[in-house]
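> no letters, just coordinates:
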C-alpha cells in the first residue's frame, strides 16, 4: 500500500456532536458542489478520493510570481503588468499576507454562524485600488497554443474559487472589489530551443465575481453532513462512476 495514501483517514472528520467549529476548506466546498457523495464519504466516513500528482512546475510559477509581486508590494508601486492593462492598483501590504497565502495553516478564515463551519482559503495575492477596495488575484499556469481565457466549462471551479476568497475577505470586514483578476501565464512552445528555461506569455484576465451562492451552499453542505444517509452520486463524477463499474465486475 502506498505510504502516501491511506484509504480511510481518521482526522478532519465531521462530528455532529462536537461544538467546535468544523474546518471546511475552499476546495472541500467545491468538492460538495461536484459530488455530494464524495464529499460525504470524505468528511463523514473518512474515505477520501485518491490524491492527484502535485503540479510542481505550476507551484514553481506561483512561488516566483509571489516573489515578483512582493517586490512591488514592498515599494508600494504598481507592477508593470497592472500598468500594461491600465489597472490603477498596487499589491496590498498587510501584516497577514503570508498567513493568508498558507492554506495548510488556515489561510484567511471565517466562522460561519449558521453552520459553525470554519471556512478557510489560501489566496495567491491581494491588490488594492485607490478606493481602498481589495482585489482578489489568482495565479494560473498552463501551456496551450490557443489564447488563454475562462470560457471552458471546467474553469467554473476557478470562478467559484475566487468568489469564496472574495466572500472570506468581506466576512472579515474588508471592502472588496467585485472584479477579481487571474494572472494567467501560458508556456510558449514556439521558441527555437529550450536552453534550460521556459518562456511565458502573461495575461491579466478580469472576472466579475458573485458570492451570493455561498451562504446557501454552506447550509446544504451542513445538512449533507448531519444526515445518516450517503447521498446519491453525481452523474458527472468520474470517481463514483469508476467505483460503480468496478463493483459490478466484482459481483
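Sure, I can see it. A quick note: this is a predicted structure, and the numbers were derived from the prediction, not measured.

> how close does the residue nearest in space to the middle of the chain get to residue 138?
With distances taken as C-alpha atoms, centre = their mean, the residue of the chain nearest its centroid is residue 161 (4.4 Å). Noted for residue 161: a distance of 7 Å to residue 138, by C-beta to C-beta, to the nearest Å. For the C-beta atoms, the positions are set from N, CA and C on the backbone; glycine is no exception.

> pull up the overlap in contacts between those two.
Common contact partners of residue 161 and residue 138 (C-beta atoms under 8 Å, 6 or more residues apart in numbering): none.

> just give the closest residue to residue 19, not the sequence neighbours.
What sits nearest to residue 19 in space, not counting adjacent residues and going by C-beta to C-beta, 6 or more residues apart in numbering, is residue 116, at 7.7 Å.

> so how many other residues sit close to that neighbour?
The number of residues packed around residue 116, counting by other C-beta atoms under 10 Å, is 14.

> what does the top helix by length along the chain rub up against?
Counting by DSSP state H, the longest helix found in the chain is helix 56-75. Residues from elsewhere that reach helix 56-75, judged by C-beta under 8 Å, 6+ apart: 78-79, 90-93, 97, 101, 124-125, 139, 141, 183, 185, 198, 200.

> in that helix, what counts as buried?
Within helix 56-75, the residues scored as buried using 16 or more other C-beta atoms under 10 Å are 61, 62, 65, 66, 69, 72, 73.

> returning to that earlier point: name the SS class of the residue nearest to the centre of the chain, please.
Classification of residue 161 by DSSP: H, G, I helix; E, B strand; the rest coil places it in helix.

> residue contacts, it?
For residue 161, the contact set (C-beta under 8 Å, 6+ apart) comprises 26, 30, 121, 138.

> ok, now how distant is it from residue 150?
Distance, residue 161 to residue 150, using C-beta to C-beta: 11 Å.

> what do those two both touch?
Counting by C-beta under 8 Å, 6+ apart, nothing touches both residue 161 and residue 150.

> and the closest residue to residue 93 other than its chain neighbours, how far from residue 67?
Excluding the flanking residues, the one nearest residue 93 by C-beta to C-beta, 6+ apart is residue 73, at 5.4 Å. Residue 73 sits 10 Å away from residue 67, going by C-beta to C-beta.

> likewise residue 227?
Computed as C-beta to C-beta, the residue 227 to residue 67 distance reads 45 Å.

> how about residue 195?
The gap separating residue 195 from residue 67 is 22 Å, by C-beta to C-beta.

> quick one: contacts for residue 78?
Applying C-beta under 8 Å, 6+ apart to residue 78 gives the contacts 72, 87, 88, 89, 90.

> name the SS class of it, please.
coil.

> how about residue 204?
Per three-state DSSP, residue 204 ends up strand.

> list the residues that contact it.
With contact set as C-beta under 8 Å, 6+ apart, residue 204 has these partners: 81, 82, 84, 85, 87, 181, 182, 183, 184.
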